[in-house]
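**Student:** need coordinates for the following:
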Amino acid sequence: MYVNFGILNDARQLFDKMHQRNVVLWNIMIREYGKIGQYEEALKLYHQLQEEGIQPNNFTFPFVLKACAGLSSLQEGKGVHHHIVNSGIEIDVFMAAGLIDMYGKCGSVENARQVFDKMLDRDLVSWNAMIAGYSQNGDSNEALSLFNQMQLSGMKPNSVTVVNVLSALSCLGAREQSKGIHSYVTKCGFESSVFVGTVLIDMYAKHGRTDCASQVFHGMSERNVVSWNAMTAAYSQNGQMNEALRIFSQMLLTDVKPNSFTMVNVLSAIARAGALEQGKLIHHYVIKSGFDTNVFVMNALIDMYAKCSNIEDAHLVFNETAQRDVVSWTALISGYVQNGHDNEALTHFHQMRLAGVKPDSVTLVSALSACASSGALQQGKWIHDYIIESKSELDVFVGNSLIDMYAKCGNIEVARQLFDGMFKRNVVSWSAMIAGYAQHGQAKQALALFNEMQLTDVKPNSITMVCVLSSYAQLGALQQGKWIHDYITRSGLETDVFVGTAIIDMYANCGSIEFARQMFEKMSKRNVVTWNAMIAGYGMHGHGEDALALFSDMKRACIKPNHITFISILSACSHAGLVEAGWQYFNSMNQDYCITPSVRHYACMVDLLGRAGHLHEAYNFIKKMPVEPDSGVWGSLLGACRIHCNIELGECVAERLFETQPENAGYYVLLSNIYAAAGRWDDVAKVRTMMKDRGTDKKAGCSWIEVDGIIHAFIVGDRSHPQSGKIYAMLDTLAQQLKDAGYVPHTNFVLHDVEEEVKEHMLYSHSEKLAIAFGLISTSPGTPIWITKNLRVCGDCHIAIKFISKIVEREITVRDANRFHHFKDGSCSCGDYW
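**Tutor:** Predicted coordinates for the structure are as follows:
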């Protein structure tokens with residue numbers, strides 16, 4: 001009686017007082033606890049039944065199996081199955097269906113199929129349970145195959161079967177099969193079922209076919225709140241905010257009342273569109289309708305405001321949320337990260353911990369992202385320690401975030417240790433580690449890891465390829481760059497705008513501005529970054545006029561330039577000596593585009609004026625800057641003082657740099673160069689002593705060349721190469737040919753107070769000359785030679801290479817730290833303006 005009236009607590013009290021309870025009473029109690037989702041209590045009664053020596057019957061086990069399925073407890077389920085077998089009870093069709101359902105919901109579809117295959121007589125429930133098992137466990141192809149077998153067996157599907165098949169198709173993304181099953185649904189009359197109709201809407205939504213979903217929705221004779229929610233979600237998931245709001249408005253005109261899921265769907269659509277004003281209107285409706293007490297809706301509001309770049313209102317909603325859960329905290333922390341407020345994100349992460357709310361993997365990913373963006377290594381280490389100490393689940397997402405954090409904070413060794421220790425890696429894991437190496441200039445390690453990745457089952461994505469292309473760009477390895485371009489084309493990733501832009505950048509950095517332009521023209525879709533990459537490419541190759549022409553094309557294409565565009569333009573003007581044009585573009589930033597020049601733009605202008613010899617104009621320009629000049633600005637002026645041998649101004653600028661950047665050896669070297677060029681060897685010695693006292697070391701010059709896909713590196717006086725004998729023999733030959741051609745070593749570029757003969761010998765074995773000699777002995781006559789150097793090319797080497805290009809009748813391209821030099825027939829593309 002109590003059970004029939006739904007008073008389970010009273011029924012339980014009476015049950016516990018009974019001295020004699022038969023299996024029927026036990027079955028009733030187990031069944032009722034299962035009905036209301038109290039599966040643990042149902043299992044307790046089952047174990048108690050066994051302890052009291054009561055023999056379960058055919059009805060007991062289906063109820064118990066339902067409880068195991070509800071808890072997803074495979075261990076309990078296997079124990080019940082074992083009990084059934086040992087009890088000698090014949091497994092009838094109802095019990096078999098229960099076993100199949102339990103194994104499917106516990107993730108053991110293989111065991112479910114074993115039970116199914118042993119059944120001599122299968123009913124509709126058994127077929128449905130098995131199809132559902134495959135669908136729920138992501139094996140959509142098997143689900144569809146079994147559905148076909150079911151039809152061949154003569155078993156007629158019902159609405160439950162159709163729902164399971166539609167769910168499988170949703171996961172599979174099989175559009176053509178979806179149309180076929182939809183026709184089947186219509187033919188069999190299942191479309192009138194609100195349940196089936198709703199699942200059809202969901203299936204089409206996951207396939208991106210909101211038009212088909214809309215047809216199903218408007219063709220439904222009956223709709224409940226789940227149907228309306230499914231249609232709203234369909235538009236939301238596919239970025240159609242206006243349509244989602246239209247459906248919501250229509251819903252308000254019906255008798256169907258929105259629920260919390262409706263509001264979450266609508267707010268998600270607004271969040272995706274970044275439509276703040278519409279979001280505020282829905283917020284007003286939420287308060288008016290009493291949904292502001294629902295934590296799910298409040299969390300969606302926090303997320304909406306954050307994604308609409310209104311983090312202040314997101315915080316206000318967070319403060320107004322009475323019952324905050326882990327999602328509330330995560331939405332706010334993620335919001336701060338998305339809006340660039342990394343410190344606030346980390347502050348709230350610590351407050352979350354103090355509030356006793358345990359972060360989940362999404363929270364940890366957001367917090368680690370804040371550390372990565374802000375370079376907060378110590379905070380990142382603290383979070384890592386917390387993950388270990390709290391025994392939080394280190395899933396692949398958290399593992400990837402830890403790798404990314406350590407890499408971006410400069411601790412690439414720990415990042416690699418984490419990567420190597422990961423049990424499971426996905427494409428993000430590989431991409432994060434490759435990106436870490438690329439960002440820290442370790443291009444060879446990045447490419448070695450990419451080669452390892454290709455030996456696995458993990459396929460690279462567009463992000464992976466951007467990182468790989470960046471590594472080839474660093475090395476200037478054109479042949480390997482061409483190979484990776486072909487690989488990208490075969491992989492179907494070339495159409496991605498970010499990959500296409502990275503290909504342009506790679507070719508430009510590998511010395512082939514022609515290939516870069518070909519790729520630029522080939523791209524059907526270009527964004528501002530694409531245009532910037534091509535303009536920057538022209539700039540570093542000294543093609544200033546081409547860069548300015550492309551900027552004009554960019555304006556005609558209605559692409560709005562950003563601050564990076566102007567850095568590229570001003571840099572191009574600097575390398576080409578276009579002073580007047582540089583001033584025009586600098587002034588137009590604010591006047592025409594409302595872009596306030598940053599310190600980097602000022603540094604470009606100082607470089608432009610300084611290279612052109614307008615040193616005092618550059619100095620006065622710095623003094624009038626509205627922002628504090630940084631080392632980049634003063635460094636540009638010091639470099640110009642070295643080019644034009646201005647000792648007085650060079651000393652003044654160097655003094656400032658030594659105060660702010662005492663550890664940067666480059667500035668000491670520049671001042672030393674100025675003194676050496678003037679023959680002031682005592683001052684050169686003083687600078688070297690200063691460097692030694694301050695513990696700064698000059699960066700060793702290194703040049704490398706790619707031959708047959710292998711990169712060979714050289715330093716000054718290098719004799720470690722296996723073909724060193726042949727290289728120096730070629731240098732001897734070149735030395736004589738150079739002398740015959742009229743070349744005279746420019747020993748003023750030697751920064752040591754030694755005899756002229758010693759100076760000549762030191763110039764003889766500079767790294768760029770060694771690389772060129774190796775290129776000459778390793779390639780056939782007429783083959784272009786491509787060299788990359790980590791520092792500015794030596795002045796004497798620049799003169800010598802012009803002679804060499806004419807003597808050996810080869811094009812020689814040298815990429816140094818600042819730009820490209822294309823040598824041909826005794827001249828350089830820079831016009832000696834560098």
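**Student:** what separates residue 93 from residue 150, distance-wise?
**Tutor:** Distance of residue 93 to residue 150, given as CB to CB, to the nearest Å: 15 Å. In short, each C-beta sits where N, CA and C put it, glycine included.
**Student:** same question for residue 493.
**Tutor:** Counting by CB to CB - residue 493 and residue 150 are separated by 40 Å.
**Student:** ok, residue 326 touching residue 359?
**Tutor:** Yes. Because the distance of 6.8 Å satisfies CB atoms under 8 Å, residue 326 is recorded as touching residue 359.
**Student:** in the biggest helix by length in the chain, what's buried?
**Tutor:** Identified as the longest helix of the chain according to DSSP state H is helix 724-740. For helix 724-740, a neighbour-count test (16 or more other CB atoms under 10 Å) marks 727-728, 730-731, 734-735, 738 as buried.
**Student:** of residue 326 and residue 359, which one has the most company?
**Tutor:** Set residue 326 next to residue 359 and count neighbours by other CB atoms under 10 Å: residue 359 wins out with 23 against 15.
**Student:** in contact with the more buried one, which residues?
**Tutor:** By CB atoms under 8 Å, 6 or more residues apart in numbering, the contact list for residue 359 reads 326, 329-330, 349, 352-353, 367, 392.
**Student:** mind giving me the ChimeraX command for buried ones among the residues you listed?
**Tutor:** Provided next is the ChimeraX selection string for whichever of the contacts of residue 359 are buried by 16+ other CB under 10 Å:
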select :329,330,349,352,367,392
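**Student:** need the max-distance pair from the contacts of residue 359.
**Tutor:** The most widely separated members of the contacts of residue 359, counting by CB to CB, are 329 and 392 (14.7 Å).
**Student:** give me the residue ranges of the protein where confidence is low.
**Tutor:** Along the chain, the model assigns pLDDT under 70 to residues 1-6, 171-180, 392-393, 747-762, 834.
**Student:** what residue lies at the spatial centre of it?
**Tutor:** Nearest to the geometric centre of the chain sits residue 463, at 5.9 Å (CA atoms, centre = their mean).
**Student:** measure that one to residue 769 for me?
**Tutor:** 39 Å.
**Student:** equivalent analysis for residue 237, please.
**Tutor:** For residue 237, the distance to residue 769 equals 61 Å [CB to CB].
**Student:** with neighbour numbers in mind, choose between these two.
**Tutor:** Shown here are residue 237 and residue 769; by other CB under 10 Å, residue 769 has more neighbours (26 against 18).
**Student:** now the host helix or strand of the more buried one and helix 724-740, what's the angle there?
**Tutor:** Using DSSP states H and E, residue 769 sits in helix 767-778. Orientation check (axes from the mean of the first three to the mean of the last three CA atoms, to 10 degrees): helix 767-778 against helix 724-740 gives 110 degrees.
**Student:** so which residues of this protein form strands?
**Tutor:** 702-707, 710-715, 785-789, 812-815, 820-824, 827-828 (DSSP state E).
**Student:** which of those is buried the deepest?
**Tutor:** Per-stretch averages of neighbours, counted by mean count of other CB atoms under 10 Å, single out strand 785-789 among these, with a mean of 25.
**Student:** tell me which other helices or strands that strand touches.
**Tutor:** Here strand 785-789 is seen to pack against strand 702-707, helix 767-778, strand 812-815 when contacts are counted using 3 or more CB pairs under 8 Å, 6 or more residues apart in numbering; DSSP states H and E.
**Student:** list the pairing partners of it within its sheet, with orientation.
**Tutor:** When pairs are called by DSSP bridges, strand 785-789 turns out to pair with strand 702-707 (antiparallel), strand 812-815 (parallel).
**Student:** TSV for the ones you listed, including distance to residue 104?
**Tutor:** Formatted as TSV, these follow (distance: least, CB to CB, whole Å):
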stretch	distance to residue 104
strand 702-707	56
strand 812-815	60
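**Student:** who wins for proximity to residue 445 among the strands of the chain?
**Tutor:** Between the strands of the chain, strand 710-715 lies closest to residue 445; by CB to CB that is 12.9 Å.
**Student:** for the stretch 551-700 of the chain, which segments are assigned as helices?
**Tutor:** 563-576, 579-593, 599-611, 615-623, 631-643, 647-660, 665-677, 681-693 (DSSP state H, counting those that start in this stretch).
**Student:** hang on, the earlier thing: outside of the longest helix of the chain, which residues touch it?
**Tutor:** 718-719, 721, 764-765, 769-770, 773-774, 776-777, 800, 803-804, 807.
**Student:** nearest to residue 485 among those?
**Tutor:** residue 774 (25.4 Å).
**Student:** the closest one: neighbour count?
**Tutor:** With other CB under 10 Å as criterion, residue 774 counts 26.
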